[in-house]
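Engineer: A structural model of the following input is requested.
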Amino acid sequence: MNTDEIVFEAVSDMEGERIDKCISSYLDSLSRSYIQKIIKDGNVFVNGTAVKANYKVRVEDQIRFTIPKSVEPDIPAQDIALDILYEDSDLLIVNKPKNMVVHPAPGHYEGTLVNAVLYHCREELSGINGVMRPGIVHRIDKDTTGSLIICKNDAAHNAIAALLKAHDITRKYRAIVFGNIKENSGTICAPIGRHPTDRKKMAVNEKNGKHAVTHYTVLERFCGYTYIECQLETGRTHQIRVHMASIGHPLLGDEVYTKQKAPFRLEGQALHAMTIGFVHPTLNKYMEFEAPLPDYFTSLLNKLRQIS
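Structural biologist: Here you go, the predicted structure:
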């Protein structure tokens with residue numbers, strides 16, 4: 001059977017814990033919901049007997065469980081055009097188009113940025129994030145356009161990841177939001193986590209959210225809309241979309257975080273990752289790159305200027 005078997009003995013600080021929580025603390029790479037599934041499927045044994053999720057662990061219990069081995073899919077290299085802003089032997093900066101997913105996911109193995117990068121770079125990509133995300137150190141949403149760093153080797157990947165963790169990468173976005181923002185600039189400091197009832201969405205979550213900070217500056221005001229620049233201090237999932245919606249100014253075209261409709265044909269949110277800057281891992285100098293606004297964005301700005 002194509003499974004991994006894991007065996008361990010309960011120690012004193014596990015005494016009285018539910019078996020699902022005990023396994024979660026022992027192997028934190030598994031989600032609690034996944035652990036509950038393998039328990040329900042009868043794949044978790046204590047002292048040789050299958051147990052339920054509410055079993056309370058005792059010291060010296062022999063805990064054994066099996067998890068299916070992940071089958072690594074074959075991700076094809078595809079000749080998809082890339083808009084490359086910069087490239088050297090360590091990394092490349094690409095300008096991602098709209099309606100393109102960054103990396104493959106189960107059931108969606110083609111047509112992503114990774115497929116295009118595999119074709120362009122051949123064997124020169126970092127392997128730290130596995131076959132599904134080679135070279136990928138950060139990502140932007142499918143309908144967000146703009147600059148993205150791709151790492152060609154593990155050393156570059158580790159260096160860029162460390163800069164991201166330390167908030168030492170400049171990331172400036174352009175966005176168009178509903179409503180007129182009164183202040184010329186501001187900072188939103190509000191933790192972001194999973195939405196309490198809709199697990200596909202993120203939300204400002206004071207209880208379970210992670211620290212998140214977005215700085216915004218007004219660039220231009222229109223009749224009922226505002227063109228802004230957002231600078232990320234942190235990089236949480238959907239951060240700008242969630243933060244701007246939380247202050248009553250959701251992004252145009254964002255069908256997840258607002259029900260407001262704009263009289264324009266848009267494919268997803270009006271959000272563009274314009275500027276990215278960092279200290280290069282081997283050249284050891286600060287470099288900054290700018291992805292020009294996409295045509296749909298400049299066209300939208302022109303329409304807004306005409307109606308204002």
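Engineer: use CA for all of it now, contacts and neighbours both
Structural biologist: Noted.
Engineer: how about stretch 234-249: buried residues?
Structural biologist: Neighbour counts over stretch 234-249 (16 or more other Cα atoms under 10 Å) mark 234-245, 249 as buried.
Engineer: want to try TSV for the residues you listed, with pLDDT as columns?
Structural biologist: Conversion of the buried residues of stretch 234-249 to TSV gives the following (pLDDT from 0 to 100):
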residue	pLDDT
Thr234	93
Gly235	91
Arg236	91
Thr237	91
His238	95
Gln239	97
Ile240	98
Arg241	97
Val242	97
His243	98
Met244	98
Ala245	97
His249	98
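Engineer: And the residues you listed, which is closest to Ser147?
Structural biologist: Proximity of those to Ser147 was ranked by Cα to Cα; the top entry is Gly235 with 14.2 Å.
Engineer: How about the contacts made by the closest one?
Structural biologist: For Gly235, the contacting residues are Ala212, by Cα atoms under 8 Å, 6 or more residues apart in numbering.
Engineer: Check the spacing between it and Arg194 real quick.
Structural biologist: 15 Å (Cα to Cα, to the nearest Å).
Engineer: ditto for Asp4
Structural biologist: Separation of Asp4 from Arg194 (Cα to Cα): 30 Å.
Engineer: Look at these two and report which has more neighbours.
Structural biologist: Legend: neighbour count by other Cα atoms under 10 Å for Asp4 and Arg194, higher for Arg194 (17 against 11).
Engineer: Confirm for me that that one is in contact with Lys207.
Structural biologist: No - counting by Cα atoms under 8 Å, Arg194 stays clear of Lys207, with 10.5 Å between them.
Engineer: what residues go with each domain of the chain?
Structural biologist: 3-68, 72-166, 167-308 (automatic domain parsing).
Engineer: which residues in the protein form helices?
Structural biologist: Along the chain, counting by DSSP state H, helices occupy 19-26, 32-40, 113-121, 154-165, 239-246, 295-307.
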